[in-house]
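K.L.:
Any chance you could fold what I've pasted below:
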Amino acid sequence: MKAHLVVAAVATCVSLPALAEETYTLDPVHSQPGFVVQHLGMSSQVGSFLKSSAKIAIDREAKKGTVDVTIDAASIHTFDPTRLDAIVKGEKYFNVEKYPTITFHSDDVRFDGERVVAVNGELTMLGVTKPVSLTVQHFRCGANPFNKKPMCGGEATATIKRSDWGMSAGIPFAPSDEVMLRIPIEAYRVES
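P.N.:
Numbers count the residues shown, from 1 in each chain. Model prediction:
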């Protein structure tokens, strides 16, 4: 009888997934990917995407993880919905009818201790895929103080050249080729 219990206990332990890996899904209300560009070489102009989703898996013990993000390109918001939003959704910029999504995939998540400090991956935009390295700051995990659900958050940044993805209209002045990506992240752990 004891032998059967030991075998059953071992079999149960072997079939359980590793507890170190945690999966998170993006909180879209507090995680709107954004960008900053220079306009006419004078001022910083900002915009964001109001609809995005992501699945993030991290294993802080093994120091590895994956990130998959999908952004609805048509959800771009520039603070000028009557004119500028239509321009940047058009063929010269994001061409949202032909390319409705922007994606980012990474299986190269870098750690300093238990903190994520960088994510190296591939950004696909306008049908072009290029490597992008995101620097992650302020990364921490804990319970949301209001709903008590486990979550992680931080801010990822990178600077890219939009012309690398074929978006060259208006360069060098309106807007500049160099674009700073600023991505606030809050994600809730998926309970198994």
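K.L.:
can you give me the helices for the chain?
P.N.:
Secondary structure of the chain (DSSP state H): helices located at 2-15, 84-89.
K.L.:
what residue is smack in the middle of the protein?
P.N.:
In the chain, the centroid-proximal residue (Cα atoms, centre = their mean) is V69; its distance is 5.1 Å.
K.L.:
so that residue bridges to which residues?
P.N.:
Beta-bridge pairing for V69 (DSSP bridges): A54, F104.
K.L.:
Would you agree it is in contact with Q32?
P.N.:
No. Using Cβ atoms under 8 Å, V69 is not in contact with Q32, being 11.9 Å away. (Glycine included, C-beta is placed from N, CA and C.)
K.L.:
what is in contact with the two at once?
P.N.:
S52 (Cβ atoms under 8 Å, 6 or more residues apart in numbering).
K.L.:
Spatially nearest residue to A169 (excluding sequence neighbours)?
P.N.:
Among residues not flanking A169 along the chain, K92 sits closest, at 3.8 Å (Cβ to Cβ, 6 or more residues apart in numbering).
K.L.:
so how many other residues sit close to the spatially closest residue to R60 that is not a sequence neighbour?
P.N.:
The shortest distance from R60 to any non-neighbouring residue, by Cβ to Cβ, 6+ apart, is to E114 (4.3 Å). Here the count is done by other Cβ atoms under 10 Å, and E114 has 12 residues near it.
K.L.:
what's near enough to touch V109?
P.N.:
When contacts are counted by Cβ under 8 Å, 6+ apart, V109 touches 58, 64-67, 116, 118-119.
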